[in-house]
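In: Requesting a structural model of the entry that follows:
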Amino acid sequence: MAVKTEAAGKEWPETTYEVGLEKVREYANAVGAENTVHRDREAAEAAGFRDVVAPPMFCVVYSAPAMGPAILDPEVGINLATMLHGGQEFVWGEPVCVGDVITTKPRCVEIYEQDGKGFYVFETVSSNQDGAEVVRGTWTNIVRGV
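Out: Next up, the predicted model:
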């Protein structure tokens, strides 16, 4: 069975996520981010941030939900039973702080077949309420046995 390449270039509706103080604190605790800017407003403001700042990989919390409809789209044709996580790459922009409203837009960049596997490359662009890009993610999924 060959991969469906027609979905390359397709975009899906954006998702929105409002960054909350306790979520940032919980995430910082979970990943062992020790810097007080991830928990304390005074420390964050003293360091030049607008409010408590999220650790960089918090980007998965607000950007991954946008990927659900893309991965599950029948037009893309991913067989979840044989899908592997191929990789993620992030390029960060404006720091994400408590109170920010982040909008993430997903799109399929490329679909191709190589060595009997399907490669599905997606991109998400996340921006804050001021339109500043906070992170651009590249998500690669590999499907075995296509």
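
In: From now on I want contacts and neighbour counts done on CA atoms only, so please keep to that.
Out: Will do.

In: Tell me the gap between stretch 54-67 and the middle of its chain.
Out: From the chain centre to the centre of stretch 54-67 is a distance of 5 Å (CA atoms, centre = their mean, to the nearest Å).

In: Likewise for stretch 65-84?
Out: Distance, centroid of stretch 65-84 to centroid of chain: 15 Å (CA atoms, centre = their mean).

In: I'd like the average pLDDT over stretch 30-43.
Out: The average pLDDT for stretch 30-43 rounds to 97.

In: and it, how far out from the chain's middle?
Out: 21 Å.

In: contacts for it?
Out: Here stretch 30-43 makes contact (CA atoms under 8 Å, 6 or more residues apart in numbering) with L21, V24, R25, A28, A44, E45, A47, D51, V52, V53, A54, P55.

In: In this protein, where is pLDDT below threshold?
Out: By pLDDT under 70, the low-scoring segments of the chain are 1.

In: Scan it for its longest helix.
Out: The single longest helix within the chain, with elements called by DSSP state H, is helix 59-72.

In: Can you name the residues that contact the most centrally placed residue in the chain?
Out: Centroid check for the chain by CA atoms, centre = their mean gives S63 as the closest residue, at 3.2 Å. By CA under 8 Å, 6+ apart, S63 lies in contact with T15, T104, T124, S126.

In: Distance of the closest residue to I71 other than its chain neighbours relative to Y112?
Out: Using CA to CA, 6 or more residues apart in numbering and skipping the chain neighbours, the partner closest in space to I71 is I78 (6.6 Å). Taking CA to CA, to the nearest Å as the measure, I78 and Y112 are separated by 12 Å.

In: Those two - which one has more neighbours?
Out: I78 (22 against 15; other CA atoms under 10 Å).

In: From A70, how far off is that one?
Out: I78 is 9 Å from A70, where distance means CA to CA.

In: What are the boundaries of the helices in this protein?
Out: In the chain, helices defined by DSSP H lie at 21-31, 41-46, 59-72, listed in chain order.

In: so G86 touches N141, yeah?
Out: Yes: using CA atoms under 8 Å, G86 is in contact with N141, at 4.8 Å.

In: Give me the more crowded residue out of those two.
Out: N141 (20 against 13).
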